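A.B. asks: Sequence and computational prediction follow.
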Amino acid sequence: MFGTGDITEVSSLLADINTMTIATSGAAAGLAAAPVYFVSDEDLHLYFFSSLKSEHGRNIVNTPAVAVAIYPQCIGWRDIQGVQLKGNAYPVKDAARWNFVWELYQEKFPFVKRFKYLTKLEQLFEFIPSWVRLVDNRKSFGSKNEWTL
């Protein structure tokens, strides 16, 4: 499991970065990668809105196993840091959970308050990680810690 410093580093990156790349696979559509806005909770679950008509949305419904990469933009290799995750994503069906996540979204992205009507056109997904890798070349080249959850 995570050490105290490790979870703080991961949580800090998740709080500071707005977009993640989610990679999915599906029998008909094949592989797909898409950048999406996201929020996270204290359990490192990630939440994002996507259309069920999108390639990655269809893939998740059919094959929930996904991979995620979250990293800030940088120019030098010594500045590379980020989080890689593997796990499963599912549509959020529970109304209380949806409302909890909507509050998280409004805290991280205040502009979404005026777009709540658009959420009716999108599906809220929850990504539950089973594996996490924290990469930080600022410490040393190839510095990484990995955990199975």
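C.D. replies: Ah, there it is.
A.B. asks: roughly how far is stretch 99-111 from the heart of the chain?
C.D. replies: 15 Å (CA atoms, centre = their mean, to the nearest Å).
A.B. asks: Check the gap between the most centrally placed residue in the chain and Lys108 for me.
C.D. replies: With distances taken as CA atoms, centre = their mean, Leu46 lies nearest the centre of the chain, 4.4 Å away. Leu46 sits 12 Å away from Lys108, going by CB to CB, to the nearest Å. The way it works is simple: take the backbone N, C-alpha and C, and place the C-beta from them, glycine included.
A.B. asks: Quick one: end-to-end length of stretch 113-131, please.
C.D. replies: Taking CA to CA, to the nearest Å as the measure, stretch 113-131 stretches 32 Å from start to finish.
A.B. asks: actually stretch 141-149, not the one I typed
C.D. replies: 25 Å.
A.B. asks: give me the number of residues near Ile70?
C.D. replies: Using other CB atoms under 10 Å, the number of residues around Ile70 comes to 22.
A.B. asks: Quick one, grab the pLDDT at it.
C.D. replies: Ile70 carries a pLDDT value of 96.
A.B. asks: Could you do Met1 as well?
C.D. replies: For Met1, pLDDT reads 49.
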